[in-house]
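1. here you go, sequence then predicted model.
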Amino acid sequence: MAEIHDQFDTILILDFGSQYSHLITRRCRELNVYAELMPCTTKISDLHFKPKGIILSGSPYSVYDDDAPHADPAIYTLGVPILGICYGLQEMAYHNKGKIAQCNHREYGFAQVEVSKIGEGSSSSVDALFEGLGDMQVWMSHGDQLSEMPPNFHIIGRTQSAPYAAIAHDSKPFYGIQFHPEVTHSPRGKEVIGRFVLNICGCRTNWTMEEFIGKEIARIRDICGPKGRVIGAVSGGVDSTVAAKLMHEAIGDRFHAIMVDNGVLRLNEAKQVNEMLNKDLGVNLTVVDASDLFLSRLEGVEDPEKKRKIIGNTFINVFEEEAAKIEAAAEAEEKKGAEAKGRVEWLLQGTLYPDVIESISFKGPSATIKTHHNVGGLLADMKLKLIEPLRELFKDEVRALGRLLSIPAPLVQRHPFPGPGLAIRILGPVTREQVKILQQADSIYIEEIRNANLYNQISQAFAVLLPVKAVGVMGDKRTYEQVIALRAVQSEDFMTADWYVFPPEVLRRISSRITNEVSGVNRVTYDISSKPPSTVEWL
Ligand SMILES: Nc1ncnc2c1ncn2[C@@H]1O[C@H](COP(=O)(O)OP(=O)(O)OP(=O)(O)O)[C@@H](O)[C@H]1O
Ligand SMILES: O=c1[nH]c(=O)c2[nH+]cn([C@@H]3O[C@H](COP(=O)(O)O)[C@@H](O)[C@H]3O)c2[nH]1
Ligand SMILES: NC(=O)CC[C@H](N)C(=O)O
Ligand SMILES: [Mg+2]
């Protein structure tokens, strides 16, 4: 089977636990080079591909810590260029017998790198890593630094407090930099990464969504074989819509898209999504109304993790039932003499790279903050095999892919909506009445955001129904009703997010409409928390 690594030169990023590891991956991909993040404990002998270059990330550890992570020494004999960033530099120096010590002046924030000149006068030049860049502003975050150069390395850049801020091996393509080129606070950082992956590693720049489409379609056809059929979990969200369209291009009507009405969707969502997919995209969609099943299983459940697991498991039950129905229908037709159809062996999911990255840390999955229904909420003994064509992509890559697949802009720009839906936005038990209140409030909120032309400036907006009651006065009468909280965030990748600053008149209109039009609500509040320390969703 064709592998992604056969088709795209790959930069392997070894993750030592830095907060910025995934940004290194992103920067490479922005240069149209495929990059993949793996735990720093990865054994080179276990890789089933040869990377074109390796980047060692930063880390919260110091190299001499007892439990400090170290890379497989085999990386140094693989014959490919290596770039160490921050801890990565220290790790490279440590392996090559240099010395590392705590700095007198810890550096957090901006620094100026002075790029070293090689040679004299008019024939002087700089190292290939910095070619054409000159002295530059960079961003630092370290308490340790190189105190003694490893043998056979030389300095290629320094800062005022770090004399060995950038080093290179005398004869091998090994580089170390103390600063972080992957963060936007290092304005020319992406060019430094470019010098490494393009000039030094010589990677082909074919990681574009145009190339990806063709190759992924071929790969899907290969996986499914000439007859295999796929059932697709489609929500109307960006990811599953793009995945569905890709699947449809690859195997036509051997792909069966299923949207599950789990009783906790937004107002009129099932109807709208049905129209969009059938009409706009030509994907044959079946909407299964399983709202009674979901709501009965959710009855009385308050615990957020329990809600998530119930929903994740029930989704799979419904998909397996639908797969069985599709097979039974095909068998009935075959008995009447129709040509035999393939089995429904696969379940399509719109899982993205950030979902996967969360479980990559070298210490195993990072602390579970919440179980995303499509990753941790799956049934252990499910019969369908997963097919996840977007597993390697970031959200903005998926949106670019969607545009290339001619998916209409309003669909591509949709805010994400979590699979567990309104169940994780109703704090406390989920009932049909509570769902109805929240659906109405949410619909007014989004409508007013669209009317104010702010939808595309906000990454995600939604309403939350709080399990508290407050006193109000309406038409001279005392009321004692529920509270709606509004949330709107801006975020690049939803790993971090900041709350959105609305023009006051927009908030005023939204609040007034919700309290007037939604019975059962007499108060509206606005959530001014960033992630971290909060998360985007309340549950
Ligand atoms: N109501 C639903 N019916 C069928 N499948 C669903 C439903 N909700 C979620 N899923 C499945 O779970 C996956 C993950 O949901 P998620 O919300 O992360 O992605 P999305 O809905 O495709 O896109 P977005 O993040 O933009 O909402 C979806 O890609 C889809 O496969
Ligand atoms: O499909 C999903 N299934 C889930 O279980 C789930 N939980 C959170 N989210 C979405 O993920 C992003 C980050 O949310 P948090 O900061 O709350 O983790 C936000 O965009 C959330 O809406 C989910 N999406
Ligand atoms: N950001 C980093 O990689 C830090 C590395 C190491 N812990 C230091 O403080 O120098
Ligand atoms: Mg969704």
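-> Nice, thanks for sending it over. Values in this document were obtained by computation on a predicted structure and should not be read as measured data. Ligands and ions are numbered 1, 2, ... in the order given.

2. and stretch 133-147, which residues are buried?
-> Neighbour counts over stretch 133-147 (16 or more other C-beta atoms under 10 Å) mark Leu133, Met136, Val138, Trp139, Met140, Ser141, His142, Asp144, Gln145, Leu146 as buried. Placement of C-beta: from N, CA and C, glycine included.

3. mind saving the C-alpha coords of that stretch as CSV?
-> Output of stretch 133-147 as CSV, limited to C-alpha atoms (Å, rounded to 0.1, in the frame of the first residue of the first chain):
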residue,chain,number,x,y,z
LEU,A,133,19.5,36.3,6.7
GLY,A,134,22.0,38.5,8.5
ASP,A,135,21.7,39.4,12.2
MET,A,136,18.2,38.9,13.4
GLN,A,137,15.8,39.2,16.3
VAL,A,138,14.8,35.9,17.8
TRP,A,139,12.9,34.6,20.7
MET,A,140,14.5,32.6,23.6
SER,A,141,13.2,30.5,26.4
HIS,A,142,15.9,28.7,28.3
GLY,A,143,17.7,28.5,31.7
ASP,A,144,20.5,26.2,30.5
GLN,A,145,23.0,26.8,27.7
LEU,A,146,26.1,25.3,26.1
SER,A,147,29.1,26.1,28.2
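
4. the stretch 401-539 of the chain against ligand 4: which residues are in contact?
-> Counting by C-beta under 5 Å from the ion, the positions of the stretch 401-539 of the chain adjacent to ligand 4 are Phe417.

5. now with 6 Å?
-> Pro416, Phe417, Pro418, Gly419 (C-beta under 6 Å from the ion).

6. so which of these reach ligand 2?
-> Near ligand 2, judged by C-beta under 6 Å from any ligand atom, the entries from those are Pro416, Pro418, Gly419.

7. filter those residues down to the ones in strands?
-> Per DSSP state E, strands hold no members of these.

8. in terms of pLDDT, where does Asn451 sit?
-> Here, the pLDDT recorded for Asn451 equals 98.

9. and the residue in the stretch 251-400 of the chain that ligand 1 sits nearest to, how many neighbours?
-> Taking C-beta to the nearest ligand atom, ligand 1 has its nearest neighbour within the stretch 251-400 of the chain at Gly350, 2.5 Å off. Residues near Gly350, counting by other C-beta atoms under 10 Å, number 25.

10. got the confidence number for Glu249?
-> On the pLDDT scale, Glu249 is placed at 94.

11. the nearest residue to it once chain neighbours are set aside: what secondary structure?
-> Spatial nearest neighbour of Glu249, excluding adjacent residues (C-beta to C-beta, 6 or more residues apart in numbering): Ile217 at 5.7 Å. Recorded secondary structure, Ile217: helix (DSSP: H, G, I helix; E, B strand; the rest coil).

12. ok, now Ile55?
-> Using three-state DSSP, the structure places Ile55 in strand.

13. my read: it touches Pro81, true?
-> No: counting by C-beta atoms under 8 Å, Pro81 is not a contact partner of Ile55; they are 9.3 Å apart.

14. which one of those two has more residues nearby?
-> More crowded of Ile55 and Pro81, by other C-beta under 10 Å: Ile55, with 30 against 25.

15. report the beta-bridge partner residues of that one.
-> Following DSSP bridges, Ile55 is listed with bridge partners Ile13, Leu83.

16. how about Met259?
-> Applying DSSP bridges to Met259 gives these bridge partners: Val287.

17. quick one: neighbours of it, just the number.
-> 23.

18. retrieve the pLDDT associated with it.
-> pLDDT, read off for Met259, is 95.

19. which residue sits farthest out from the middle of the protein?
-> Going by C-alpha atoms, centre = their mean, the residue of the chain most distant from its centre is Asp476, 49.9 Å out.

20. against Arg219, how distant is that one?
-> According to C-beta to C-beta, to the nearest Å, Asp476 and Arg219 sit 67 Å apart.

21. so how far is stretch 482-500 from its chain's centroid?
-> Centroid separation between stretch 482-500 and its chain, computed with C-alpha atoms, centre = their mean, to the nearest Å, is 16 Å.

22. tell me the buried residues in it?
-> Result for stretch 482-500 [16+ other C-beta under 10 Å]: buried residues 482-489, 491, 493-494, 497, 499-500.

23. likewise for stretch 97-109?
-> So for stretch 97-109, counting by 16+ other C-beta under 10 Å, buried means Gly98, Ile100, Cys103, Glu107.

24. stretch 166-176 too?
-> Ala166, Ile167, Ala168, His169, Pro173, Phe174, Tyr175, Gly176.

25. which ones among these come in contact with ligand 2?
-> Applying C-beta under 6 Å from any ligand atom to the buried residues of stretch 166-176, none is adjacent to ligand 2.

26. so who does the residue in the stretch 201-350 of the chain that ligand 4 sits nearest to touch?
-> Ranking the residues of the stretch 201-350 of the chain by distance to ligand 4 (C-beta to the ion) places Gly237 first, at 3.0 Å. With contact taken as C-beta atoms under 8 Å, 6 or more residues apart in numbering, Gly237 is in contact with Gly350, Arg414, Pro416, Phe417.

27. ok, for the residue of the stretch 351-500 of the chain found nearest ligand 4, nearest residue in space, not its chain neighbours?
-> Residue nearest to ligand 4 within the stretch 351-500 of the chain (C-beta to the ion): Phe417, separated by 4.1 Å. Excluding the flanking residues, the one nearest Phe417 by C-beta to C-beta, 6+ apart is Gly237, at 5.5 Å.
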